[in-house]
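Visitor: I would like to see how this sequence folds:
(chains A, B and C)
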Amino acid sequence: MHFLDELNERQREAVEYIHGPLMVVAGAGSGKTKVLTARIAYLMERGVDPFHILALTFTNKAANEMKARIERMLGSTEARNLYIGTFHSVFARLLRADAHRLGYPPNFTIYDTEDSKNVLKKIISELQLDDKHYRPGMVHHRISNAKNSLIGWEEYQQFPEFMQQDAQAGRPMIGKIFEWYAKRCFQNGAMDFDDLLYQMYVLLTRFPDVLHKYQHKFQYILIDEYQDTNPAQYAIIKLLGAVHENICVVGDDAQSIYSFRGATIQNILQFEKDYEDVKVVKLEQNYRSTRNILSVANEVIAYNKHQLPKVLWTQNDEGEKIKLISLLSEHEEARFVADTIAEQKYRNHYANKDFAVLYRTNAQSRSFEEHLRRLNIPYKIYAGISFYQRKEIKDFLAYLRVIVNPKDEESLLRIINYPSRGIGDQTLQKCQLLAREQGISVWEVFENIRKYPLRSAAINQIEDFVVMIKNLQLLLDKENAYTVAMEAGKASGVVKELYNDKSVEGIARYENVQELLNAIKEFTEMPDSEGELTDKSLGSYLQQITLLTDADEEKEESDTVKLMTIHAAKGLEFPCVFVVGLEEGLFPSAMSINTREELEEERRLFYVAITRAKEKLWLTYTANRYRYGNFVQNDPSRFISELPPAYIETPYRRNDAVPYSKHYAQEKMPVTSAGSFSLPKRQPAPAVHTPSPDFKPDDFRLMKPGMKVEHQKFGYGYILSIDGNAANPIATIRFELSGEKKIMLNYARLRIVQDNAADSQ
DNA sequence: TCGGAAATGTTTTTT
DNA sequence: ACATTTCCGA
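Guide: A predicted model of the protein is given here:
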């Protein structure tokens, strides 16, 4: 069957309209990827050379999947020649070709967020500013936002609005830090994530011939997830597409969830006004979810004010109602989720991989891990930390970065004393000072280290180091990335150092580095694309991997329950979904309830979470939760009151529903809230003891054996003894109502009733 | 210079 | 609760 025959009318319209600007408003589950791939395949079938097609996606994973799908559709390897990837990776590749025109080396290093923050931290201290007041993360965010709006440091200092804002916030030096940061990165031959966009824009605007080259190369431009693009990306697309105007953007304003990264929903809301004769196609038929799930999603998102008008509908079954579950603690929540998964697997023959647990913050994963492990349910966490961000990997990569670009001071200082060579902080401080005084790089100081008055032991070590790096650099031209990397591992002593560490973590680190080496080997053995030889050099490799994220590394899909943030779940779908932690302050996040815009984005996030579910959806929230290591009480999320009652049920937990947890038997109290749906109230504590009206917990450090205390649940009791260490004292308390209990004092909330402690004075 | 212990901050989301 | 940073003594 031809791929066009698999499309509905709207989808087909979006595929076949290939000339002029097109906006496809693709609701959740409306077959967006299908349309994008079919469109590209269609273009190629009509004779458009893949070398002339540029497709920009949000993740590398999406790009690779699309490429593979197109190959299958066309039954050819032509798709290999498409320019397809994330904004960042495509622009990195383009910048590499012309970096010299901006004064950067072709092998420029790409700094990830951690690298950037380290550079900023150093600059803040060099400027003798207080890093508590100028927090590197905060400064980075501000600089990042500026660059994503195409504001360089000069403009930043010129525009009074920025400087005034900073001055009002009591941070007048951010402009200065920005300047130093930009200059330092340039000296280091490094671009950060934002530079890949910003410098691309500079390149295109400053060099008309470069602009001309790409305007004619990219005759057809497609952009996925357009709702999450930022002003810099917008401006670049506008430039690149100016000649042919064959721009197709695909997105869903209801799923715009990346404004914290500088994305602006305005790009998609305004697209119709940006070009003349914009064709708009709306994909409103949902193929993913049950009617109940979709109804809830539609009603929730209707609370947002600014939207492109559309209504999702489906021919799917009504499905089950959405379950809303109230629980006492995050512990209970995790147990409920694990138990329910076990039950659903048993009753309805679901596989592990049919389930996803979605949460607002990565920190929430822990309790689910514990309970899934307890029931022997295999799971996989998709956490923020990517393989390439692990310390041992970054250390090793720093060697490779220095070989390729010795000006990269960040990487150089990272490895100069790893493995330990007796080159300490004092020496390195002096070297940096020397470099700054003479306006040269630290590497150049190292190259002539004998000229400077330093400890002779350190001088010898640095000299050896320089010789080693230079020898490795000689390999660059003759050998591929893998060979260079292997030699670097040997010569530096890093591999030996890791091999000698026989601790559990040490072995894991060694294995990780071996895995890295394998990945590099794989890279060098990848087939070339037809028209051009792919660059197999180490420099080319390094520029790719910094842009890889966790989601991109997924090998074949394993049969595991998936745990991830809602952001990470964007674009995915699962038969059964748990959206957990629906509590005020957590979801919506306390950070995002100050403006309507922020709150609407949180609501879109909720919408994204709901629409991941195909068949069954559970929403959970708890009354108590750990935060910062102490219990806090939470109100149910305001989003819960926005749920349409007709599609929701709030079941009791029945005894026969969860025979899988060995802990269940101990549980006597019903853990879910009762009966018909209404705005959920906080769980009443089990009615063992009614706390006194003026109950207020006292500082646990005041507690001594012999005192009479009150506990909110257990009632009155006497402290018999206190053991454990000072940081985590454990008291044995005899309660009048519930007998002896061991209580961890720094978590428990206890009120001192009577201070007749035996040994107090 | 280096290692371990104490103190401190951190949690919103990520290319 | 955790990780990271800072402090301190050898």
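Visitor: mind listing what whichever residue of chain A sits closest to DNA strand B touches?
Guide: Residue nearest to DNA strand B within chain A: A:Gly424 (2.1 Å; C-beta to the nearest atom of the strand). For the C-beta atoms, the positions are set from N, CA and C on the backbone; glycine is no exception. A:Gly424 makes contact with A:417, A:458, according to C-beta atoms under 8 Å, 6 or more residues apart in numbering.
Visitor: by mean pLDDT, point me to the weakest helix or strand of chain A.
Guide: helix A:550-553 (a mean of 61; mean pLDDT, DSSP states H and E).
Visitor: get me the contact residues on the stretch 1-150 of chain A for DNA strand B.
Guide: Contact residues (C-beta under 7 Å from any atom of the strand) of the stretch 1-150 of chain A with DNA strand B: A:58-60, A:86-89, A:112-113, A:132, A:135, A:137.
Visitor: among those residues, which are in helices?
Guide: A:60, A:87-89, A:113, A:137 (DSSP state H).
Visitor: in its sheet, which strands sit next to the top strand by length along chain A, and in what direction?
Guide: Longest strand of chain A, by residue count under DSSP state E: strand A:613-627. Its sheet considered, strand A:613-627 pairs with strand A:322-329 (parallel), strand A:574-579 (parallel), strand A:630-633 (antiparallel) by DSSP bridges.
Visitor: thought A:Leu294 was touching A:Gln315?
Guide: No - using C-beta atoms under 8 Å, A:Leu294 is not in contact with A:Gln315; the gap is 10.8 Å.
Visitor: residue of chain A with the smallest distance to DNA strand C?
Guide: Closest approach between chain A and DNA strand C, counting by C-beta to the nearest atom of the strand: A:Gly629, at 2.9 Å.
Visitor: before we move on, back to that, of A:Leu294 and A:Gln315, which one has the most company?
Guide: For the pair A:Leu294 and A:Gln315, the greater number of neighbours falls to A:Leu294 (25 against 8), based on other C-beta atoms under 10 Å.
Visitor: next, A:Phe446: phi, psi?
Guide: Dihedral pair for A:Phe446: phi -60, psi -40, per degrees, to the nearest 10.
Visitor: likewise for the one 3 residues further on?
Guide: A:Ile449 has phi and psi values of phi -60, psi -30 when expressed as degrees, to the nearest 10.
Visitor: over to A:Gly585?
Guide: phi 90, psi -30.
Visitor: is any residue of the longest strand of chain A near DNA strand B?
Guide: Yes - using C-beta under 7 Å from any atom of the strand, strand A:613-627 reaches DNA strand B at A:Arg627.
Visitor: list the buried residues of that strand.
Guide: Within strand A:613-627, the residues scored as buried using 16 or more other C-beta atoms under 10 Å are A:613-625.
Visitor: repeat that for stretch A:263-279.
Guide: The neighbour-count check on stretch A:263-279 (16+ other C-beta under 10 Å) flags A:263-265, A:267-268, A:271, A:275, A:278-279 as buried.
Visitor: now do stretch A:498-513
Guide: Residues A:498, A:509-510, A:512-513 are the ones in stretch A:498-513 that count as buried (16+ other C-beta under 10 Å).
Visitor: could I get those as TSV with pLDDT?
Guide: Converted to TSV, these look like this (pLDDT from 0 to 100):
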residue	pLDDT
A:Leu498	84
A:Arg509	84
A:Tyr510	87
A:Asn512	86
A:Val513	90
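Visitor: most widely separated two among those?
Guide: Farthest-apart pair in the buried residues of stretch A:498-513 is A:Leu498 and A:Asn512; separation 8.7 Å (C-beta to C-beta).
Visitor: identify the contacts common to those two.
Guide: Joint contacts of A:Leu498 and A:Asn512 (C-beta under 8 Å, 6+ apart) are A:Glu392.
Visitor: one step back: please flag which of the buried residues of stretch A:263-279 sit within helices.
Guide: Judged by DSSP H, the buried residues of stretch A:263-279 include A:267-268, A:271 as members of helices.
Visitor: which SSE is the spatially closest residue to A:Thr546 that is not a sequence neighbour in?
Guide: The shortest distance from A:Thr546 to any non-neighbouring residue, by C-beta to C-beta, 6 or more residues apart in numbering, is to A:Ile110 (4.1 Å). Following DSSP states H and E, one finds A:Ile110 within strand A:109-111.
Visitor: CA atoms of stretch A:205-214 as CSV?
Guide: Written as CSV, here are the backbone C-alpha positions of stretch A:205-214 (Å, rounded to 0.1, in the frame of the first residue of the first chain):
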residue,chain,number,x,y,z
THR,A,205,23.7,38.0,8.8
ARG,A,206,27.3,39.0,8.6
PHE,A,207,28.3,37.0,5.6
PRO,A,208,25.8,37.3,2.7
ASP,A,209,27.5,34.6,0.7
VAL,A,210,27.0,32.1,3.4
LEU,A,211,23.3,33.1,3.7
HIS,A,212,23.0,32.8,0.0
LYS,A,213,24.6,29.4,-0.1
TYR,A,214,22.2,27.9,2.4
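Visitor: how about it: buried residues?
Guide: Buried residues in stretch A:205-214 (16+ other C-beta under 10 Å): A:210-211, A:214.
Visitor: what's in contact with it?
Guide: Under the criterion C-beta under 8 Å, 6+ apart, residues A:94, A:98, A:101-102, A:203-204, A:239-240 lie in contact with stretch A:205-214.
Visitor: how about stretch A:97-109?
Guide: A:95-96, A:186, A:188-191, A:199, A:202-203, A:206-207, A:210, A:401, A:404-405, A:407-408, A:410-411, A:539, A:542-543.
Visitor: phi, psi for A:Asn246 please.
Guide: phi -90, psi 70.
Visitor: so what's the residue count around it?
Guide: Neighbour tally, A:Asn246, other C-beta under 10 Å: 21.
Visitor: tell me how far it lies from A:Asp277.
Guide: 12 Å (C-beta to C-beta, to the nearest Å).
Visitor: what do these two both touch?
Guide: The overlap between the contact sets of A:Asn246 and A:Asp277 (C-beta under 8 Å, 6+ apart) consists of A:20-21.
Visitor: next one, pLDDT for A:Tyr104 please.
Guide: Note on A:Tyr104: pLDDT of 96.
Visitor: give the contact list for A:Tyr181.
Guide: Contacts of A:Tyr181 by C-beta under 8 Å, 6+ apart are A:116, A:119-120, A:123, A:143, A:153.
Visitor: can you do 6 Å?
Guide: The contact partners of A:Tyr181, taken as C-beta atoms under 6 Å, 6 or more residues apart in numbering, are A:120, A:123.
Visitor: a strand runs through it, doesn't it?
Guide: No - secondary structure of A:Tyr181 (DSSP: H, G, I helix; E, B strand; the rest coil): helix, not part of a strand.
Visitor: in terms of secondary structure, what does the very next helix or strand once past the least confident helix or strand of chain A contact?
Guide: On the C-terminal side of helix A:550-553, the nearest following helix or strand under DSSP H and E is strand A:561-565. Judged by 3 or more C-beta pairs under 6 Å, 6 or more residues apart in numbering; DSSP states H and E, the packing partners of strand A:561-565 are strand A:355-359, strand A:379-382.
Visitor: so is strand A:561-565 next to DNA strand B?
Guide: Yes - residues of strand A:561-565 contacting DNA strand B under C-beta under 7 Å from any atom of the strand: A:Thr565.
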